[in-house]
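Student: Return atomic coordinates for the entry below.
(chains A, B, C and D)
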2 protein chains.
Amino acid sequence: MLTIGQLAAYAGVTQRTVRHYHQIGLLPEPGRDASGYRSYDARAVVDLIRIRTLAEAGVPLARVRELLDADPDEFATAVAEIDQRLRAEIRQLQEHRRRIARLADGDSLAVGPEVAAYLDRLRAAGASDAMVEGERDGWILMSARWPERIPELMADKLAQLEDPRTLRLYRLFDELVELGMDEERLEAAADLMAEVMEESAARGELDRQHDELDDDAYVALMDAFATDAHPMVERLQELLAERGWSGWIRVERAAPGS
Amino acid sequence: MLTIGQLAAYAGVTQRTVRHYHQIGLLPEPGRDASGYRSYDARAVVDLIRIRTLAEAGVPLARVRELLDADPDEFATAVAEIDQRLRAEIRQLQEHRRRIARLADGDSLAVGPEVAAYLDRLRAAGASDAMVEGERDGWILMSARWPERIPELMADKLAQLEDPRTLRLYRLFDELVELGMDEERLEAAADLMAEVMEESAARGELDRQHDELDDDAYVALMDAFATDAHPMVERLQELLAERGWSGWIRVERAAPGS
DNA sequence: CTTGACCTTGACGCAGCGTCAGGGCCGCAC
DNA sequence: GTGCGGCCCTGACGCTGCGTCAAGGTCAAG
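Tutor: Residues are numbered from 1 along each chain as shown, chains lettered A, B, ... in the order given. All right, here's what the predicted structure looks like:
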């Protein structure tokens, strides 16, 4: 008769594994010797090896008994099913590999390729890391709510980058962040924005934007996000209000105020 | 501000997932509103989406924070490492598929190809299912203790199958099982075995067997297994003892006794 | 005032064991 | 006799990433 350690060694598993199989009823508890030790016979060795063989082939323990007792037909069916499952798991892992491969290059972390391309352009144009990160987060938010509109919006943004005034504006922003907020730059930035927006409005872009970003609460959320990012946003909104514009994420004409 | 349900919906995860991330400290617990509800801002949406993006790419949650805070170099290193792990898991699963594929055809359940071939031959020679199963279990036991000797032993066994007396013996066994034990068949089987073993001994095979199966306790275990399998084994051992042989798994010459 | 849809915490479940913790039993050397 | 190393015992938590009740507050609408 064998002790659990000998049994486990013959079958090439650990003692813990044997006890686990007892616990889940896969292998029957054997009798005990005088001192309470489990005492196995050869039958147990055979059973355990057959169990281990299936388990090592990826058969879930819950199905092992079923397979051991199956006739050839049932066995084949069950095996085919398990192979299906294994294939699905492999596909899943391969999908994971594809995704981390995409993550490995660039900012495509959580944003689509269009946004990643835009962010790369921004960086190439000299925007600071902080600025790019802020833009990235903004577009993550945008993608979360209106994923289908991202390609179009990004095309617009890329086109805007061709305008030297846009670049000047971003440079002003970076300077406001890095050198502190001074009135002169704030006014300059507000003037620039007002000018660009006027043209944008003339082309009807702002109306389109209003139609597309049709979720006031979410726009408010994004506005708050921008405001939280840096105090200059709030100041610029005030200055823009004086120039007849309200909003940030979704800009609209407003009554010119104090 | 958002409730947990809205946050989860924007990020494409379940509320349970968000709470889980709070629990493990991956996403900070937000403030609560008057009635104790969690109240999220846009920052949380961004954070959650970035976490989810990594998690869906197969990054273990325990490493997500590390990756989110990593600079590009660290990020690349970590990603490479995770990809390694994914590849290893895929290899593992593919190994599983190979194994169940092998299981799918034939008795290679827990025995090597040589034994499987032998069992197929046995079946083809007309042995009953019960007999084949018994042989299979016996060889499982043998493989567990002396895996490296299996090819040689199986070659011998296959050769023995060429001897018509061996087939006659197996047929006698099957009849003893199916029709009940009668003295006539038992004597015939014992005579046949004694005859064959005499020749085997003359060729020196029994000495070799004795050297190879050099583990008395294990041999005793296998003997007990055979004895448990069917009462005829015990009777046959008695008859063989009268003819000067002892043992079953490992046969040896003994003092001929009553 | 009642629904139904949301939110709260707490806790078990899953898969397959690994790994202590705390404690007997056994045989051998001193 | 006793100490020591090596076996065995049960019980229980840990890991991974949530799913899924359970039992109970909250809120807006009818």
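
Student: going forward, measure contacts and count neighbours with C-alpha atoms only.
Tutor: Noted.

Student: can you list the weak-confidence ranges in the stretch 151-258 of chain A?
Tutor: A:256-258 (pLDDT under 70).

Student: What residues does it have near chain B?
Tutor: Counting by CA under 8 Å from any CA of the partner chain, the residues of the stretch 151-258 of chain A close to chain B are A:221-222, A:224-225.

Student: mind listing which of those are in strands?
Tutor: Cross-referencing those with the strands (criterion: DSSP state E) gives no overlap at all.

Student: For chain A, what lies in contact range of DNA strand C?
Tutor: Where chain A comes near DNA strand C, counting by CA under 7 Å from any atom of the strand, the residues are A:14-17, A:20, A:34-35, A:55, A:59-62.

Student: So which of those wins on neighbours?
Tutor: By neighbour count, taken as other CA atoms under 10 Å in any protein chain shown, the most surrounded of the residues of chain A next to DNA strand C turns out to be residue A:59 (23 neighbours).

Student: ok, now how distant is it from DNA strand D?
Tutor: For residue A:59, the distance to DNA strand D under the criterion CA to the nearest atom of the strand, to the nearest Å works out to 17 Å.

Student: okay, that residue: pLDDT?
Tutor: You'll see residue A:59 listed with a pLDDT of 95.

Student: How is the residue nearest the centre of chain A assigned, secondary-structure-wise?
Tutor: Ranked by distance to the mean C-alpha position of chain A (CA atoms, centre = their mean), the top residue is residue A:110 at 5.2 Å. Reducing the assignment to helix, strand or coil with DSSP: H, G, I helix; E, B strand; the rest coil, the entry for residue A:110 is coil.

Student: just so I have it, where are all the helices in chain A?
Tutor: Residue ranges of the helices in chain A, as given by DSSP state H, are A:4-11, A:15-23, A:42-56, A:61-68, A:72-104, A:113-124, A:129-145, A:150-160, A:164-179, A:183-202, A:205-212, A:216-229, A:231-242.

Student: do the fourth one and chain B meet at all?
Tutor: No: using CA under 8 Å from any CA, helix A:61-68 stays clear of chain B, with a minimum separation of 9.4 Å.

Student: Name the residues of that helix that are buried.
Tutor: The neighbour-count check on helix A:61-68 (16 or more other CA atoms under 10 Å in any protein chain shown) flags A:61, A:64-65, A:67 as buried.

Student: neighbours around residue A:164, how many?
Tutor: As a burial measure, the neighbour count of residue A:164 was computed by other CA under 10 Å and equals 9.

Student: ok, the residue at the greatest distance from the centre of chain A to residue A:73 distance?
Tutor: For chain A, the C-alpha lying farthest from the average C-alpha position belongs to residue A:34; by CA atoms, centre = their mean, that distance is 59.1 Å. With distances defined as CA to CA, to the nearest Å, the gap from residue A:34 to residue A:73 amounts to 44 Å.

Student: can you check residue A:204 too?
Tutor: Summarising the geometry, the distance separating residue A:204 from residue A:73, computed by CA to CA, is 70 Å.

Student: and what of residue A:221?
Tutor: Per CA to CA, residue A:221 is found 60 Å from residue A:73.

Student: do the same with residue A:211
Tutor: In this structure, residue A:211 lies at 62 Å from residue A:73, with CA to CA as the measure.

Student: what's the neighbour count on residue A:24?
Tutor: Around residue A:24 sit 11 other residues, with neighbours defined as other CA under 10 Å.

Student: For it, grab phi and psi.
Tutor: phi -90, psi 10 (degrees, to the nearest 10).

Student: got a list of what it touches?
Tutor: Residues in contact with residue A:24, defined by CA atoms under 8 Å, 6 or more residues apart in numbering or on different chains, are absent; none qualify.

Student: In stretch A:100-110, which residues are buried?
Tutor: Going through stretch A:100-110 with 16+ other CA under 10 Å, the ones that come out buried are A:100, A:103-104, A:107-110.

Student: Between the residues you listed, which sits nearest residue B:173?
Tutor: Relative to residue B:173, the closest of the buried residues of stretch A:100-110 is residue A:100; by CA to CA it sits at 62.3 Å.

Student: Show the pLDDT at that closest one.
Tutor: Turning to residue A:100, the model gives it a pLDDT of 90.

Student: Around residue A:32, count how many other residues there are.
Tutor: 12.

Student: If you drop the residues flanking it in sequence, what lies closest to residue A:135?
Tutor: Using CA to CA, 6 or more residues apart in numbering or on different chains and skipping the chain neighbours, the partner closest in space to residue A:135 is residue A:119 (7.6 Å).

Student: my guess is the one you found meets residue A:136, correct?
Tutor: Yes: with contacts defined as CA atoms under 8 Å, residue A:119 counts as touching residue A:136 at a distance of 7.1 Å.

Student: now stretch A:175-193: how far from the chain's centre is it?
Tutor: With CA atoms, centre = their mean, to the nearest Å as the basis, the distance from the averaged C-alpha position of stretch A:175-193 to the chain average is 35 Å.

Student: Then stretch A:70-77?
Tutor: Between the centre of stretch A:70-77 and the centre of its host chain there is 42 Å, according to CA atoms, centre = their mean.

Student: and the residue nearest to residue A:11 when sequence neighbours are not counted, how many residues sit next to it?
Tutor: In space, and not counting its chain neighbours, residue A:11 is closest to residue A:49: 5.3 Å by CA to CA, 6+ apart. Residues lying near residue A:49 (other CA under 10 Å) number 25.

Student: okay, now the residue of the stretch 151-258 of chain A at minimum distance from DNA strand D: neighbour count?
Tutor: Evaluated by CA to the nearest atom of the strand, the stretch 151-258 of chain A has residue A:217 as its residue closest to DNA strand D, separated by 14.6 Å. Neighbours of residue A:217 under the rule other CA under 10 Å: 11.
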